[in-house]
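>>> Structure, please.
(chains A and B)
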Amino acid sequence: MSLEVWAEKYRPKSLKEVINQKHVVARVKVFVDERNIPHMLFAGPPGTGKTTLALCIARELYGEEWRQNVLETNASDERGIDVIRGKIKDFARTMALGGAQYRIVVLDEADALTAEAQQALRRTMETYSSTVRFILVCNYSSKIIPPIQSRTAVFRFKALSESDVKEYINRIVKGEKLKIDEKAVETIVYLCEGDLRKAANLLQAAAALGTKITESIVYDVASQARPDDVRKMLENASKGKFKEARSILHRMLVVQGLAGEDVVREIHRQIYGLNIPDDVKVKLVESLGEYEFRISEGADSLIQLEAFLAQVAAFLGKT
Amino acid sequence: MWTVKYKPKRLAEVADQAEAKEKLLKWFEKWKPGRKAALLYGPPGNGKTCTVEALAAEKGLDLLETNASDVRSESKIERFLGRGVREASLLGTRGKIILIDEIDGMEASADRGGARAILRIIRESAFPVVLTANDPWDRSLYEVRGLCELIEFRKVPIRDAVKRLEYICGREGIKADPKVLHALAEKNQGDLRGAILDLETIAQGRKQVTLEDLEVLGKREKEADIFAALRGVFKSHSALSAKHAVSSVDMDPSEIFLWIEQNLANEYEKPEDLARAYEALAKADVFRSRIIHRQNWRMLAYMVDLMTAGVSQAKKEAYRKFTRYQRPEKLSFYSKTMRTRARVNQVLRRIASRLHCSTRKVKTEFLPYLFFLMKREEGFTGRLASALNLSEDELEMLSSFYR
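Numbers count the residues shown, from 1 in each chain, chains lettered A, B, ... in the order given. As a prediction, this is how the structure comes out:
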């Protein structure tokens, strides 16, 4: 167990511990009680309990020995459908342990699979449906091809409300016997944008700093823990220092291997904080959108973002 | 070109291949319409085609020839060879040999029906047909093989290759260290045509060649080429000459792309020029991704045009300066850090599986906080390491890699 990481330590273990998502949990409970689950598709924003619910189902069905009947695989790390098929095949060939009738494959971040890979997955789901149940987890169900959607029970996870997040924070506060003021709780709720994983991480980092967690500590931690490479890069570009900006971009994408989409998202977030005229901000956002679209269609994120930085430098060089 | 100038005129001049030549002659003497064709096979540059040419010359025959550079669809083959194969020449005085070169170079789709047409020609030809191939066991040649007598051409032994190179040097009045010729033969591994080409590259217009000259071949030649090409792209004002600048570089277009990308920011200085040039590269990259994702190789032409002509037209005027061009960092980075990155990935995978998420989420969602905790909380690194079943060193390596 990885109990040193609170996001893991306070991951709900049973259906009744899951934060909200009542409409989903109620139906899943019926399946679990009858010990017969269909293929399922969990879709919803990050940090709302999708993977957690999948693991809870496994616990409810197989007890503490659940791991031996569950194959967890992540499409973002294993994109090749052959890898997935090979693993699934090997897994499906061995009988379920402990008298269970079938085993479970949790395929996380399934929206990272290409359309072709999903076609292949669809056949795999059919071939092994007698011995294996699939739980696909994704952010956007629209990225999952219709034939797969029609073979699964689709569950949409709601964005969590402020009181949901507060409930979760208080659970951790109690468990760790933390001292925290109400303002600090609200700040975490505000910063984590409904993502419980982020809430747990923020809280843990803040707790490391002092005896009593306050609003200013939370802000402090949030700004220190967030890598400010993107901010530095944009600042350089907006001062016309293109080469410096480019080398930061290289470090993030080539050396550290960050995903282009993640960097784009962070740029988008930071454009509004830049010290530049508002009409330029809008122009930059428009141009960023074009580059993100190209990246999502398969273009190289390094080249596209270099072009974006060159635009930033040229835009602001003029004014 | 020396490969043309010193092409053997008679069978005896063809280097080595004694056995193959004898077999071919025997086959030719016995040949009557309806008998098997001859399929000469073996690695490139060892004399298959020129043996057939020498045979035709020696016997006073016309040679009707088609090779892989022609498109060989059914209709084209029929148009080109069909009549010539079935009717005796109108003038009627000379016979013919039909040569269908490099038959394993046919592409399934572009030459659709081509194989069928070739089978028909072999069956119906009034004249002997000779085919050549590098790999006679290629699946697409299954039927053709059945209608052919197979004659193997082996790699030209180093001794024979050196002899031929010596002969050429003698005729060209060049003094060559025997070691150089030996090295050329060895480098080309039985490919005599390649060895002759290399010899011409280093020796043309000179009286003497030495071992140092050999270094020009291969890598150095490649880099000299790419530097010249970069100058052509960055300095030229004409779209067409920028495009042509890269055409003779012996490099994958995507590697040339990396060289242009690496050096662009050192050459262009004005922000507007840079923005336009990078946009041209970004568009070239969009075409690259269309090639990869749709296998649409027609798009290659547009990728190359944009990264060359597009970049050259991005500047208002050429920069009058000398730029020392560098090799692409991306390439050298990947090769230099291969082992570290593999270890980092392994650690990331371990963490990802413990935290039930992808390595991408580990990097964006967890690492910033974990590194923060490692720095700020006494003893956290050790506890985290044992919880994740890692060593503290592995965690430290991770944090130094990302900081």
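>>> CA atoms for contacts and neighbours, from now on please.
OK.
>>> Heading C-terminal from the worst-scoring helix or strand of chain A on mean pLDDT, find the next helix or strand.
Scoring the helices and strands of chain A by mean pLDDT, DSSP states H and E places helix A:81-93 at the bottom, with a mean of 81. Later in the chain than helix A:81-93, the nearest helix or strand by DSSP states H and E is strand A:103-108.
>>> Could you say which helix or strand holds A:Ile135?
Secondary structure assignment for A:Ile135, by DSSP H and E: strand A:132-138.
>>> Next, the angle from that strand to helix A:81-93.
Comparing the axes of strand A:132-138 and helix A:81-93 via axes from the mean of the first three to the mean of the last three Cα atoms, to 10 degrees yields an angle of 140 degrees.
>>> Which positions in the helix or strand following strand A:132-138 come out as buried?
Later in the chain than strand A:132-138, the nearest helix or strand by DSSP H and E is helix A:146-150. Residues of helix A:146-150 classed as buried by neighbour count (16 or more other Cα atoms under 10 Å in any protein chain shown): A:148-149.
>>> Distance from helix A:146-150 to the middle of the chain?
The chain centroid and the centroid of helix A:146-150 are separated by 22 Å under Cα atoms, centre = their mean, to the nearest Å.
>>> what mean pLDDT would you report for that helix?
Averaging pLDDT along helix A:146-150 yields 87.
>>> In terms of secondary structure, what does that helix contact?
Secondary-structure packing of helix A:146-150 (3 or more Cα pairs under 8 Å, 6 or more residues apart in numbering or on different chains; DSSP states H and E): helix A:115-127.
>>> now the angle between strand A:132-138 and the helix it packs on, please.
On the basis of the same axes, to 10 degrees, helix A:115-127 is oriented at 150 degrees to strand A:132-138.
>>> Walk me through the domains of the chain.
Reading this off chain A. Using automatic domain parsing, the domains assigned to chain A come out as A:21-156, A:162-225, A:229-318.
>>> um, chain B though
According to automatic domain parsing, the domains of chain B span B:2-152, B:158-217, B:234-332, B:338-402.
>>> so which of the ones you listed comes closest to A:Asp111?
Among these, domain B:338-402 comes nearest to A:Asp111, with 12.5 Å by Cα to Cα.
>>> what about that closest one, start to end distance?
15 Å (Cα to Cα, to the nearest Å).
>>> Tell me how far that domain lies from the chain's centre.
42 Å.
>>> So which bits of stretch A:259-267 are buried?
Quick answer for stretch A:259-267 (16+ other Cα under 10 Å): A:259-260, A:263-264, A:267.
>>> Need the residues that contact that stretch.
Stretch A:259-267 is contacted from outside by A:230-231, A:234, A:253, A:288, A:292, A:295-296, A:301-302, B:360, B:364, using Cα atoms under 8 Å, 6 or more residues apart in numbering or on different chains.
>>> tell me the contacts of the residue nearest to the spatial centre of chain A?
The centroid of chain A falls nearest to A:Pro46 when counting by Cα atoms, centre = their mean (4.4 Å). A:Pro46 makes contacts with A:139, A:195, as judged by Cα under 8 Å, 6+ apart.
>>> In terms of helices and strands, where is A:Arg79?
Using DSSP H and E, A:Arg79 falls outside every helix and strand.
>>> For burial, what's the neighbour tally of the residue nearest to it when sequence neighbours are not counted?
Spatially, and ignoring its direct neighbours in sequence, A:Arg79 is nearest to A:Leu113 (6.0 Å; Cα to Cα, 6 or more residues apart in numbering or on different chains). By the criterion of other Cα atoms under 10 Å in any protein chain shown, A:Leu113 has 20 neighbours.
>>> Pick out the shakiest of the domains of chain B, pLDDT-wise.
Mean pLDDT is lowest for domain B:2-152 among the domains of chain B, at a mean of 80.
>>> Centre of the chain to that one, how far?
That offset, for domain B:2-152, works out to 25 Å (Cα atoms, centre = their mean).
>>> Over to stretch A:289-298?
On Cα atoms, centre = their mean, the centre of stretch A:289-298 falls 20 Å from the chain's centre.
>>> residues near residue 155, how many?
Chain wasn't specified; assuming chain A. For A:Phe155, the neighbour count with other Cα under 10 Å is 20.
>>> Sorry, I should have been clearer: chain B.
Applying other Cα under 10 Å, we find 20 residues neighbouring B:Lys155.
>>> Give me the spatial nearest neighbour of B:Asp213, chain neighbours excluded.
Nearest one to B:Asp213, counting by Cα to Cα, 6+ apart, is B:Ile202 at 6.3 Å.
>>> who's in contact with the helix or strand where the one you found lies?
Element membership for B:Ile202 (DSSP H and E) is helix B:192-203. With contact meaning Cα under 8 Å, 6+ apart, helix B:192-203 is reached by B:1-3, B:45-47, B:156, B:161, B:165, B:174, B:184-185, B:187-188, B:209, B:213-214, B:216-217.
>>> could I get that helix in CSV with only the CA atoms?
Written as CSV, here are the backbone C-alpha positions of helix B:192-203 (Å, rounded to 0.1, in the frame of the first residue of the first chain):
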residue,chain,number,x,y,z
LEU,B,192,31.0,-3.7,-57.4
ARG,B,193,28.8,-0.9,-58.8
GLY,B,194,28.8,0.7,-55.4
ALA,B,195,32.6,0.4,-55.1
ILE,B,196,33.1,2.0,-58.5
LEU,B,197,30.8,4.9,-57.6
ASP,B,198,32.7,5.4,-54.4
LEU,B,199,36.0,5.3,-56.3
GLU,B,200,34.7,8.0,-58.7
THR,B,201,33.6,10.1,-55.8
ILE,B,202,37.0,10.3,-54.2
ALA,B,203,39.2,10.1,-57.2
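>>> buried stuff in that helix?
B:192-196, B:198-203.
>>> Contact partners for B:Ala56?
By Cα under 8 Å, 6+ apart, the contact list for B:Ala56 reads B:62-63, B:96-97.
>>> from what I can see A:Asp157 touches A:Thr48, true?
Just to correct that, residue A:157 is Phe rather than Asp. Yes - taking contacts as Cα atoms under 8 Å, A:Phe157 lies within contact range of A:Thr48: 6.9 Å.
>>> Around chain B, which positions in the stretch 201-319 of chain A sit nearby?
Within the stretch 201-319 of chain A, the residues that sit near chain B (Cα under 8 Å from any Cα of the partner chain) are A:201-202, A:205, A:208-209, A:224-227, A:240, A:243, A:254-256, A:258-259, A:262, A:294, A:297-300, A:303-304, A:306-307, A:310-311, A:313-314, A:317.
>>> Cross the residues you listed against helices and list the overlap.
Within those, residues falling in helices by DSSP state H are A:201-202, A:205, A:224-225, A:243, A:262, A:294, A:303-304, A:306-307, A:310-311, A:313-314, A:317.
>>> so how far is A:Ile81 from the residue lying closest to A:Ala115 once chain neighbours are set aside?
The shortest distance from A:Ala115 to any non-neighbouring residue, by Cα to Cα, 6+ apart, is to A:Ile145 (6.9 Å). Distance, A:Ile145 to A:Ile81, using Cα to Cα: 15 Å.
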